[in-house]
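Q: A predicted structure for the sequence below; I have some questions about it.
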Amino acid sequence: MFPCSGSESSPCLTLRGILFYGCRITSHRNDLHVLCIILRHISLESSSSCLASLETSGLKVAAVDGNLSVVHQNNVQFDSELPEFRTQGGVHIHADRLTVTSPTLMWVKALDLLLDKMKGAGFDFSRVRGVSGSGQQHGSVFWRTGAAHTLTQLQPDRSLHQQLQACFSAADSPVWMDSSSAPQCRALQAAAGGAARLAQLTGSRAYERFTGNQIAKLFQTRPDQYHNTERISLVSSFAASLFLGDYAAIDYSDGSGMNLLDIRTRNWSEICLEATAPQLERLLGAPQPSSAILGPISSYFVSRYGFSEDCKVVAFTGDNPASLAGMRLQEGDVAVSLGTSDTVFVWIQQPQPALEGHIFCNPVDYQAYMALLCFKNGSLTRERIRNECAGGSWEVFSAALRDTPPGNHGNIGFYFDTMEITPTAVGVHRFDRDNNKVSSAVDSQVEIKALVEGQFLSKRLHAERLGFTIIPGTRVLATGGASSNKDILQVLSDVFNAPVYTIDVSNSACLGSAYRALHGLVAESGVSFSDVVKNAPEPQLAVTPTPGFAVWVEMNKSVIEKDLLLIQP
Ligand SMILES: Nc1ncnc2c1ncn2[C@@H]1O[C@H](COP(=O)(O)OP(=O)(O)O)[C@@H](O)[C@H]1O
Ligand SMILES: O=C(CO)[C@@H](O)[C@H](O)COP(=O)(O)O
C-alpha cells in the first residue's frame, strides 16, 4: 500500500487541526489574502493573506500575502490560556484511562479569543477573501437538536461561547487519543464481513478512535444524548460550521477517518451506517470534495470582526491531509509529522488497504489517495522522558542525543506509556546490546537515545512492512512541534538513511490550509492545486544521515523487528 507515488505536480502541505483561509486575488499579488485556522489542538494563522488551524493542544492562525509569505501569526494554547477547562495537552483523560475527550466549548472559546487577539493586533479582516482550515482527525462534535437555529442567528454583540453554550448534546467531544470503543469496533467488523473487508471498503480496519465507532459508543451508552442530536461534525467540519453559520459538510479526506465512508465511491457506506447507529446518514449530511466552496462567511464575522461579505468558506479537512497538501511530496518521499501524535504518510495513486495503517482520500487530487500510519506515544512520551532524564529541558535532551553514538551501543527501547496504535502494544520494553530484556537503562543519556531511535526504527519498520521503500533520492519531510529540534531530526535521518527537510514556516499545517483555501477559490474554474502552489517555497534541507549508520540499521533490522513482534500482546 505504501509505495510513494507523489509527484511534483501534486504539492502537499503539513497541517494538524482546523484551518480557515480567506483570499482575494487581484492583479496585485500582494493583495491576495488567505485566512487559515487549524483546530487540532486549535490553531489559526493569517497574513496579508490569512490562515488558521484548530489542533489538539491549541488553535493557531497565520495570514499570508499574494506571494504566500506569512505576514501575521497568532495562537491560543488551551491549557494555559483557557485554564478554566482544566485540560492537559488540550484533553481530559478519564478514570478508565481509555476515554479521552476535549470540552467542545473550549474550542469555541478559543476561536473567540484568537479572533479578539488578532483584532487587538490590528489585523485587517476585511482583506480576507477565503477561509479554510484543518482539525485533529477523528474527533466528533454532537450538535443538540435546535442548534442550527442558534448557529444561523448569531448576534454580533455576543461571543460565540456565550451563544453556543446550550448547543451541544454531548459536552465532551471524543478525540483521536480515545481507545474506549473496542466492543463497537468488533461489532462493526463483524457486520462488514471481517476486518479485511472493512479495510477494503473504508480504508482501515476498525480503529477505536475512528468516528463511527465513537458514535456507536455514544448511541449505546448515552442514547438520550444521541437522540437529542441533530447533526454530527468532525472537528474540521465543526470549525467550518462556526465560520459558515450553518452546518458544514464533512470533506472526503477527513471523512475517510471514520470507518463510515466508502473511499472509492466517496459516499457513506450503507453497511457501516446501519451497523453504527440509527438515522446516521441524516445526522452526518452528504460528504463533499475537499476543495468545495461551502458558502459565504457568516454575517456574524462580517459585523463583529469586519470580514468582507464576499469572503468564502472552503471545506475544512483533517490536520494530516492538510499537511500533505503543504508538503509538496515527490515520488519516494515520506512525510513524518511530530506533533502530539507522530504520523508517517505518503501520497499514493492506488488504494491498497491493509490490516495496519489507513488509506484516506487525497485532499488535493480527486483521483489519488494518501496512506498513513499513526503512533500515539509520540511527543507526550518524549516529554515524559525529557522530564525524568533531562530535568525537563529540551536542551539537555538534545545534548544526550548528540553525545551518544548512532546505535546507542546496542541499547534500544520501545516506550508505550498508553496502548499504542502502531503496533498494538503497551508498556516500556528495553533491550541491551545482547538483546536481553532489561528493566532499566544504563544511564539517562542511553535512555533518551533508546527512546528516540526506537520510535523512528518502529516507524521505518512499519512503513516498510506496508510496502514503503527507501530509494536513492528519498527525502523525509518533517513537520510538527518536535521538528524544530535538529537533534531529533538527526536521529530520524540516521534511521531512515535519508536527508530530512523541513518547511520554513512555524506552522506548516496552517500553510497547507492556506494553499487549499486558495485552490478552493479557483478549483471550479479547473485550476489544479499544483498550479496554485507552483511558486511556493521549497522545503529546506535540515540534516543528512551520519555516514556508516545505514549498515548498522540493516544488520539489526530483523532483531529489532522480532523485539517489536514479541512485545505485542
Ligand atoms: N524543542 C523541542 N524538542 C522536542 N519536541 C518539542 C520541542 N518543542 C515542542 N515540541 C513538542 O511539540 C509538541 C507540539 O507539537 P504541535 O505540532 O504543536 O502539536 P499539535 O498540533 O498536536 O498540538 C509538544 O507536545 C512538544 O512535546
Ligand atoms: O489520529 C491521528 C491521525 O490518524 C492524529 O494524527 C490526529 O490527527 C491528531 O494529530 P496531532 O494533533 O497529533 O497533530
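A: Arrived safely. Ligands and ions are numbered 1, 2, ... in the order given.
Q: which element is residue 374 on?
A: strand 369-375 (DSSP states H and E).
Q: that strand packs against which elements?
A: Where contact means 3 or more Cβ pairs under 8 Å, 6 or more residues apart in numbering; DSSP states H and E, strand 369-375 is packed against helix 319-327, strand 342-348, strand 358-361, helix 444-465. Every residue, glycine included, has its C-beta placed from N, CA and C.
Q: can you rerun that using 10 Å?
A: Using 3 or more Cβ pairs under 10 Å, 6 or more residues apart in numbering; DSSP states H and E, the elements in contact with strand 369-375 are helix 319-327, strand 334-338, strand 342-348, strand 358-361, helix 444-465.
Q: adjacent strands (with direction) for the fourth one?
A: Sheet pairing here is set by DSSP bridges, and for strand 358-361 it gives strand 369-375 (antiparallel).
Q: how about the helix or strand harbouring residue 554: buried residues?
A: Assigned by DSSP H and E, residue 554 belongs to helix 549-566. Buried residues in helix 549-566, defined by neighbour count with 16 or more other Cβ atoms under 10 Å: 549-550, 552-553, 556, 560-561, 563-564.
Q: tell me the domain ranges of the chain?
A: 33-315, 327-506+539-568 (the TED database).
Q: need those in TSV with mean pLDDT and distance to residue 518, can you?
A: Putting those into TSV (pLDDT from 0 to 100; distance: least, Cβ to Cβ, whole Å) gives the following:
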stretch	mean pLDDT	distance to residue 518
domain 33-315	92	6
domain 327-506+539-568	93	11
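Q: which among the ones you listed is found nearest to residue 517?
A: Smallest distance to residue 517 across the domains of the chain (Cβ to Cβ): 3.6 Å, for domain 33-315.
Q: ok, is that closest one in contact with ligand 2 or not?
A: Yes - Domain 33-315 lies within reach of ligand 2 by Cβ under 6 Å from any ligand atom, at 40-41, 55-56, 136-138, 176, 209, 257.
Q: the closest residue to ligand 1 within the chain - how many residues pack around it?
A: Nearest to ligand 1, among the residues of the chain, is residue 481, at 2.1 Å (Cβ to the nearest ligand atom). Residue 481: 19 surrounding residues under other Cβ atoms under 10 Å.
Q: do the same with residue 290
A: Residues near residue 290, counting by other Cβ under 10 Å: 31.
Q: and it, what does it touch?
A: 132, 236, 251-255, 314-318, 321-322, 325, 361-366, 516, 519-520, 523, 529 (Cβ atoms under 10 Å, 6 or more residues apart in numbering).
Q: at 7 Å instead, please
A: 251-253, 315, 317, 363, 516 (Cβ atoms under 7 Å, 6 or more residues apart in numbering).
Q: which ones among those map onto strands?
A: Among the contacts of residue 290, the members found in strands (DSSP state E) are residue 317.
Q: which among the contacts of residue 290 gets closest to ligand 2?
A: Distances from ligand 2 to the contacts of residue 290, taken by Cβ to the nearest ligand atom, are shortest for residue 317, at 10.7 Å.
Q: surely that closest one and residue 253 touch.
A: Yes - with contact defined as Cβ atoms under 7 Å, residue 317 reaches residue 253; the gap is 4.9 Å.
Q: show me which of the two is the more surrounded one.
A: Higher neighbour count among residue 317 and residue 253: residue 317, with 38 against 32, using other Cβ under 10 Å.
Q: picking up where we left off before, okay, the contacts of residue 290 in TSV with distance to residue 96 next?
A: Shown next, in TSV, are the contacts of residue 290 (distance: Cβ to Cβ, whole Å):
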residue	distance to residue 96
251	32
252	33
253	31
315	35
317	31
363	34
516	37
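Q: quick check: residue 397 touching residue 445?
A: No - using Cβ under 7 Å, residue 397 makes no contact with residue 445, being 9.7 Å away.
Q: start to end distance for stretch 150-166?
A: 9 Å (Cα to Cα, to the nearest Å).
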